[in-house]
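In: what would the 3D arrangement of this be:
(2 chains)
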2 protein chains.
Amino acid sequence: MHKNVLFAQSGGPTAVINASCYGIIKQAKKSGGRIFAARYGVEGILKDNIIEMTDIDDATLEILRYSPSSAFGSCRHKLKEEEFESVLKIFDKYGIGYFFYIGGNDSMTTADRLSKYALKVGYDIKAIGIPKTIDNDLPCTDFCPGYGSAAKYVATSVKEMALDSDVYDKGIITIVEIMGRDSGFLTAASALAKDEVVDSPHLIYLPEVPFDENEFLKDVERAYSKKKKVFITASEGLKNKDGEYAYLRERSADAFSNLQMGGVGKYLENLVKTNIEKRVKSVELSILQRCAAHIASAQDNDVAVMVGTDGVKYAMEGLTDVMVSIVRTENGFKTSTVPFSEVAGKIKVFPKEWIDNENRGVTREAIDYMLPLVQGEAKVPYEKGLPRYVRFI
Amino acid sequence: MHKNVLFAQSGGPTAVINASCYGIIKQAKKSGGRIFAARYGVEGILKDNIIEMTDIDDATLEILRYSPSSAFGSCRHKLKEEEFESVLKIFDKYGIGYFFYIGGNDSMTTADRLSKYALKVGYDIKAIGIPKTIDNDLPCTDFCPGYGSAAKYVATSVKEMALDSDVYDKGIITIVEIMGRDSGFLTAASALAKDEVVDSPHLIYLPEVPFDENEFLKDVERAYSKKKKVFITASEGLKNKDGEYAYLRERSADAFSNLQMGGVGKYLENLVKTNIEKRVKSVELSILQRCAAHIASAQDNDVAVMVGTDGVKYAMEGLTDVMVSIVRTENGFKTSTVPFSEVAGKIKVFPKEWIDNENRGVTREAIDYMLPLVQGEAKVPYEKGLPRYVRFI
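Out: Numbering: from 1, shown residues only, chains lettered A, B, ... in the order given. The predicted structure is shown next:
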């Protein structure tokens, strides 16, 4: 059997996806085989864009652990049936016996299909999925590495913006748009910003709750009449009761097709401005929420390393066609595995029982679930006052 | 003479404005007088919204030092002639002999006028200005506390976003809008993001250089034909050769008066989308760039404390009608003073000789000026994985 290791990254970046590569490399070094990485996910495999990481020095490896974004590049490529053979040719060329694909549910589908094809044509490969998403939308795992750090960034930024928006002795409504098309975990994390000093956010809108303009305006009006400063967080994926994105109607009202509005934030800002209060502003956290490694969660980073490390262990033990999953224990987290078939193409949404009765906040249980994931500050290396990062593309 | 101290905060928040209050309180405690703070700047004085800080405990004071935003509230109030008497009545009520106003050039104008009125009516007051702005636009001081931390946030975020925007094997143009209406110091700080790994930003647009759409499109086209990923930073205050904001024309093209575009970022995004490449996105750093205390510069924080501390010393020595200024030394920074009249209502712009020949970047000298200001990471206190902040409004 082939002995070498290949890993690749797929889908959107996170602040700790490279920590999983660190774990894979560290553990794979012990196996004696050579270690390869594909640039730009499976696209890089198809193009033979492969680099060897066997002899990476420890200092660079440490920086890799704390670097944000996908240090080896990424893709959103759906492998076609006729491309499988080309992939296996490259595997054979580099002597790959162990394949690790770091990604979300689409990536698990890719790994699953590739593994099944290999089995069919008699190529012996152990294929392991390493979970990664900031949305926390993978089923069968306590959480996804990447989510903890994004949650920490969201909660910290909301806390700081809430303090900032509060400094003048005038009424103001602030709206923050947070990532999450279908799953509200990241927007829910804004609730962590609340403490004895900061009582924001006051209203939280998740994609799991059908959005209604009139209800929204009533919510905001009620909150605004009670306190002069209202702070709102909303998921980019808000949909109405028919399942359509809430802000698309607003977009189509724009006669200049190339002058598009932003997303949900601008849409809600406009609703408030027109109906309630002119002093309103919206902020979009944009790509920072998935790449702000300078405020990454140490706990999230540790677990991201662990799923990489344990992924290699499972593969070397002979396991294949599984994603590494995370299990919450009394003292922290450990890993387990789950068959590709149970996660491929599936998503997890924010539990209904964790949404409060009025649909505008989250319960204590939700807070208790999220809080352990944002613990500790990852030890990002600084040089001349700025973070020092690394990449291989 | 009255013996007590009053301080107040004015204008936009920064990540270290409270560090100056920390300095004032620490030093004023040694003088034996009582220490008061006005909430919401001079508006709070007029409304007798005053709190006593004499007996603040050390633990809270330490948290105050690292808290973002204006912990005592702020205002943009221009004192009217007929309000001076009310202010002095409040001063008299609280026995105020020393007044510290923390703000930018408008705040220095306010402090200047108030002090002159006091002199005229025979109220003995020592009035000292404490500099603060993220724009770094105050003259007669090496830099403004607040700028160093905002610059560190901008450079760090641009570095992280540059890595994030680079992960797919496809062309993309990214535009980041940075604060600064007249002065380009903060946008220039994006140049600090560049190192051996990150070569972004490729094009930097400052408000000091008249903006021309055609030149911009040529710049971007040239850069895009050379490399597949172009990263651009631009000041919100870009103006054309007639001094008009570059994006206002775009705004007025919008037939729906309540459906406004964002600012410069969206405007440039639209220019690129229409003329060069559909894969373009814009990010607005928004209020985070002035309140992200979690990535504040330790050097900036130290100097913010120093201008507060030394401000009290200067006042106790009998100085009045001066702003504390910062002087660069061989080993760091020290303070001096400058008469209100030299800073009140005046602004400093980014030096022409620090803009590179092609007007799309900054020189080595500019980097050497900015780099010391972002050194070190301020020791923000964390509790349960999130920063712990304090405020008094």
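In: could you use CA atoms for every contact and neighbour count after this?
Out: Fine.
In: isn't A:A293 right up against A:R65?
Out: No. Using CA atoms under 8 Å, A:A293 is not in contact with A:R65, being 10.2 Å away.
In: A:Y153: how many residues sit nearby?
Out: When neighbours are defined as other CA atoms under 10 Å in any protein chain shown, A:Y153 has 30 of them.
In: now the one 3 residues further on
Out: Other residues within reach of A:T156 by the criterion other CA under 10 Å amount to 25.
In: same thing with A:G345?
Out: 16.
In: now do the contacts for it.
Out: For A:G345, the contacting residues are A:N105, A:D106, A:M108, A:T109, by CA atoms under 8 Å, 6 or more residues apart in numbering or on different chains.
In: rerun at 10 Å
Out: A:G104, A:N105, A:D106, A:S107, A:M108, A:T109, A:T110, A:L138, A:P139 (CA atoms under 10 Å, 6 or more residues apart in numbering or on different chains).
In: which members of these occur in helices, if any?
Out: Those of the contacts of A:G345 mapping onto helices are A:N105, A:D106, A:S107, A:M108, A:T109, A:T110, per DSSP state H.
In: closest to A:L206 among those?
Out: Each of those was checked against A:L206 using CA to CA; the closest is A:N105, at 20.8 Å.
In: let me know whether the closest one touches A:C144 as I believe.
Out: No. Contact criterion CA atoms under 10 Å: A:N105 and A:C144 do not qualify, at 11.1 Å.
In: give me the common contacts of these two.
Out: Counting by CA under 10 Å, 6+ apart, the contacts common to A:N105 and A:C144 are A:P131, A:K132, A:T133, A:D137, A:L138.
In: and chain B, which of the residues you listed reach it?
Out: Applying CA under 10 Å from any CA of the partner chain, the subset of the shared contacts of A:N105 and A:C144 adjacent to chain B is empty.
In: mark out where each domain of chain A begins and ends.
Out: A:4-133+A:296-346+A:372-387, A:147-291 (automatic domain parsing).
In: mean pLDDT lowest for which of those?
Out: Of all these, the minimum mean pLDDT falls on domain A:147-291 (a mean of 90).
In: run the chain-centre distance for that one.
Out: 19 Å (CA atoms, centre = their mean, to the nearest Å).
In: returning to that earlier point: any chance of the contacts of A:G345 in a markdown table, with neighbour count and distance to A:R279 too?
Out: Below are the contacts of A:G345 laid out as a markdown table (neighbours: other CA atoms under 10 Å in any protein chain shown; distance: CA to CA, whole Å):
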| residue | neighbour count | distance to A:R279 |
| --- | --- | --- |
| A:G104 | 28 | 39 |
| A:N105 | 24 | 41 |
| A:D106 | 19 | 42 |
| A:S107 | 30 | 43 |
| A:M108 | 30 | 46 |
| A:T109 | 21 | 47 |
| A:T110 | 22 | 48 |
| A:L138 | 25 | 39 |
| A:P139 | 19 | 41 |
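In: most widely separated two among those?
Out: A:T110 and A:P139 (16.6 Å).
In: helices along chain A, start to end?
Out: With DSSP H as the criterion, chain A has helices spanning A:17-29, A:41-46, A:58-66, A:84-93, A:105-121, A:147-164, A:185-188, A:213-226, A:248-252, A:264-275, A:288-291, A:298-316, A:340-343, A:364-370.
In: adding distance to A:A378, write the ones you listed out as JSON lines.
Out: Below are these laid out as JSON lines (distance: least, CA to CA, whole Å):
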{"stretch": "helix A:17-29", "distance to A:A378": "11"}
{"stretch": "helix A:41-46", "distance to A:A378": "26"}
{"stretch": "helix A:58-66", "distance to A:A378": "7"}
{"stretch": "helix A:84-93", "distance to A:A378": "35"}
{"stretch": "helix A:105-121", "distance to A:A378": "26"}
{"stretch": "helix A:147-164", "distance to A:A378": "9"}
{"stretch": "helix A:185-188", "distance to A:A378": "19"}
{"stretch": "helix A:213-226", "distance to A:A378": "37"}
{"stretch": "helix A:248-252", "distance to A:A378": "38"}
{"stretch": "helix A:264-275", "distance to A:A378": "30"}
{"stretch": "helix A:288-291", "distance to A:A378": "13"}
{"stretch": "helix A:298-316", "distance to A:A378": "4"}
{"stretch": "helix A:340-343", "distance to A:A378": "29"}
{"stretch": "helix A:364-370", "distance to A:A378": "17"}
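In: which bits of the stretch 101-250 of chain A sit near chain B?
Out: Checking the stretch 101-250 of chain A against chain B by CA under 10 Å from any CA, the hits are A:152-153, A:155-170, A:192-193, A:195-198, A:250.
In: tell me which residues touch A:P339, please.
Out: A:M108, A:D112, A:I128, A:G129, A:C140, A:T320, A:D321, A:V322, A:M323, A:V324, A:S325.
In: at 6 Å what do you get?
Out: A:D321, A:V322 (CA atoms under 6 Å, 6 or more residues apart in numbering or on different chains).
In: and it, bridged to which residues?
Out: With DSSP bridges applied, A:P339 shows beta-bridge pairing to A:V322.
In: distance-wise, check the residue positioned nearest the centre of chain A relative to B:L138.
Out: Nearest residue to the geometric centre of chain A (CA atoms, centre = their mean): A:I134, 1.3 Å. Separation of A:I134 from B:L138 (CA to CA, to the nearest Å): 41 Å.
In: near A:P372, how many other residues are there?
Out: For A:P372, the neighbour count with other CA under 10 Å is 18.
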